[in-house]
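Undergrad: Let's see this in three dimensions:
(chains A and B)
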Amino acid sequence: MAKAIYELQINGEEYEVATEVNRTLLDVLRDDLQLTGSKKGCDSGDCGACTVLIDNEPVCACLVLPPDAVGHEITTIEGLADGTKLDPVQDAFVEHGAVQCGFCTPGMILAAKHLIENNPNPSDREIRVAIAGNLCRCTGYVKIVDAIKAAAQEMSKVPVGASS
Amino acid sequence: MVSCQSPVDRRVRRLAEDGEKMVRFEYLEPTTLVDAAKILTEHAGKCEILAGGTDLLVELKNREKRPEYVVNIKRIAGLDSIDCSKDGLVFGSLATARQLEHDPNVRELYPMVAETAGIIGSDQVRTTATIAGNICTALPSAEMGPPLLVLDANITIAGMGGVRTVPVTQFFTGPRQTVVGDGDIVTAIGIAAVPENTGMVYVRHSPRQAMDLAVVGVAAYLTIEDDTVKDVRIALGAVAPTPIRATDAEKSLLGRPASLENIQEAADLAAAAAKPISDMRASADYRRDMVGVLTRRMLLEAKRRAGLKPGSFPLLKYHISSDFPDA
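TA: This is a model prediction of the structure:
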């Protein structure tokens, strides 16, 4: 099958990908660009392990064809940390023991980022609603909810050094 | 999002083919409705429309659908608008579940539509999934089926022959079957204005609170004046080959007081109208039973909402059957 060139904007960088059209954004990220942070769980939009942000909205990358990824800002888990400085949500997951095998973690963190950006003070129920599309087989979700709650609280604090 | 197929079925199908993840197809991106209709007519029977893709991509991967052409309609301008006011609600076929859920006018005037859009799939699915796609996939458990049925929605369909409007009561023709023909595109869904003193609500009864198909879905719509039911619509999902209106139940309540006794009578008739099957999700007996229980609860909730000012009560999110009282 013939390949076409697609220009993708991922984590603030431009990528040119040559691929057949009958592949998913998830396959392009993992196999063509070696951005293996997004995981393939069910490959059918149920488990959320492949969650990425497209224009800051959560999407299952396994349900996106390459042409629909063009012209949008894509954020993968790799785009969160600044060198070795973790994003506050990542930090909270580490601090609160919200990571066991880690397979669901990238998707969970991106779903959480979307939640906190739109709802700076989410209740436990609102957190669980936001991660309803992210399955975890290890943790039982309690620590994940704790971590997201803590991250939201942390991120709503006034930054140290801000002038009054 | 996934259909009722078992995971084993899906894996077996995928491995049976040549290792390629998805069927091969030619990909087209028409930028106008006319171009799209031309393609769909010229290659009638060989096309699949790509909107949100949350159903189609799964079907392409497990070979349930093998189109020669995938026609992406998202480049066509003007199909994603939402126009909601006291005069009615019209939204385009590319309006997503997220957009419908968060539109402030829809939340105020058609809370059931916003609530139901908000329980389709997950946050991820709702970003791209369209309401039109939900009814075009036309599962018997289609989440938007019962809500659109009780609202007597009209579906606008465009093709080479022109544009036609189909009442939603005629839209579904069987499991995964609708009146949308080979050369057709759904362009909009329209809903009439809602009179005062009207309450509406939908519940999905399912084993999981989220990411599940309805085992039973019930929508109720009541207009009540002077303690009398001026208008009543009841729709059931997942208990017949298509979502259906329970017309005998409606007739029994019309023009009468919305007392618990009369509501129970309507609920019994709704249960009798259900034609459920037994499958891996639930037995027919259980589904029929639950239709009775949930119709009663939804009529009571619709009655409660009919007495409240629009926009004055909080909307529900992933609500479950036991959130609603029995009396």
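Undergrad: which non-adjacent residue is nearest residue 112?
TA: With no chain named, the answer covers chain A. Once flanking residues are discounted, A:Ala112 sits nearest to A:Ile148: 4.5 Å by C-beta to C-beta, 6 or more residues apart in numbering or on different chains. (C-beta placed from N, C-alpha, C; glycine too.)
Undergrad: That was the other one, I meant chain B.
TA: In space, B:Met112 is closest to B:Met200, 4.2 Å off (C-beta to C-beta, 6+ apart).
Undergrad: Over to B:Ala273?
TA: B:Ala246 (4.4 Å).
Undergrad: Check the stretch 151-300 of chain B for the residue nearest chain A and tell me.
TA: B:Ala210 (3.7 Å; C-beta to the nearest C-beta).
Undergrad: can you check the stretch 101-250 of chain B too?
TA: B:Ser122 (2.3 Å).
Undergrad: For that residue, list the residues it contacts.
TA: A:48, A:132-134, B:210-211 (C-beta atoms under 8 Å, 6 or more residues apart in numbering or on different chains).
Undergrad: Got a quick ChimeraX command for the buried subset of the residues you listed?
TA: Remark: buried members of the contacts of B:Ser122, expressed as a ChimeraX selection using 16 or more other C-beta atoms under 10 Å in any protein chain shown:
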select /A:48,132,133,134 /B:210,211
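Undergrad: Residues touching stretch B:245-257, excluding its own?
TA: B:149-150, B:169, B:227-236, B:262-263, B:265-267, B:269-270, B:272-274, B:295, B:299.
Undergrad: go with 7 Å
TA: B:149, B:169, B:227-229, B:232-236, B:262, B:265-266, B:269-270, B:273, B:295 (C-beta atoms under 7 Å, 6 or more residues apart in numbering or on different chains).
Undergrad: which of those residues are buried?
TA: B:149, B:169, B:229, B:232-236, B:265-266, B:269-270, B:273, B:295.
Undergrad: So which of the residues you listed belong to helices?
TA: B:149, B:169, B:265-266, B:269-270, B:273, B:295 (DSSP state H).
Undergrad: residues contacting whichever residue of chain A sits closest to chain B?
TA: Across chain A, the shortest distance to chain B (C-beta to the nearest C-beta) belongs to A:Gly133, at 2.3 Å. Contacts of A:Gly133 were listed using C-beta under 7 Å, 6+ apart, and they are A:48, A:111, B:121-125, B:211.
Undergrad: Let's see the pLDDT reported for the residue of the stretch 101-250 of chain B closest to chain A.
TA: B:Ser122 is assigned 97 on the pLDDT scale.
Undergrad: Distance check, the closest residue in space to it that isn't next to it in sequence against A:Cys60.
TA: Of all residues not flanking B:Ser122 in the chain, A:Gly133 sits nearest, at 2.3 Å (C-beta to C-beta, 6+ apart). Remark: distance between A:Gly133 and A:Cys60 (C-beta to C-beta, to the nearest Å) = 8 Å.
Undergrad: what is in contact with the two at once?
TA: A:48, B:124.
Undergrad: any chance of the buried ones among the contacts of stretch B:245-257 in TSV, with pLDDT too?
TA: Below are these laid out as TSV (pLDDT from 0 to 100):
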residue	pLDDT
B:Leu149	98
B:Thr169	98
B:Val229	98
B:Val232	98
B:Arg233	98
B:Ile234	98
B:Ala235	98
B:Leu236	98
B:Glu265	98
B:Ala266	98
B:Leu269	98
B:Ala270	98
B:Ala273	98
B:Thr295	98
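Undergrad: Which residues are in contact with the spatially most central residue of chain A?
TA: When C-alpha atoms, centre = their mean is applied to chain A, the residue found nearest the centroid is A:Leu110 (2.9 Å). The contact partners of A:Leu110, taken as C-beta under 7 Å, 6+ apart, are A:51-53, A:58, A:77.
Undergrad: Restricting to those residues, which residues neighbour chain B?
TA: Residues of the contacts of A:Leu110 in contact with chain B (C-beta under 7 Å from any C-beta of the partner chain): A:51, A:58.
Undergrad: so which pair among the contacts of A:Leu110 is furthest apart in space?
TA: Spatial extent of the contacts of A:Leu110 (C-beta to C-beta) is set by the pair A:Pro58 and A:Ile77 at 12.1 Å.
Undergrad: who's more crowded, the two?
TA: Each of A:Pro58 and A:Ile77 has its neighbours counted (other C-beta atoms under 10 Å in any protein chain shown); A:Pro58 has more, 29 against 24.
Undergrad: which other helices and strands contact the helix or strand harbouring that one?
TA: A:Pro58 belongs to strand A:57-60 when assigned by DSSP states H and E. Secondary-structure packing of strand A:57-60 (3 or more C-beta pairs under 7 Å, 6 or more residues apart in numbering or on different chains; DSSP states H and E): strand A:51-54, helix A:105-118, helix B:123-128.
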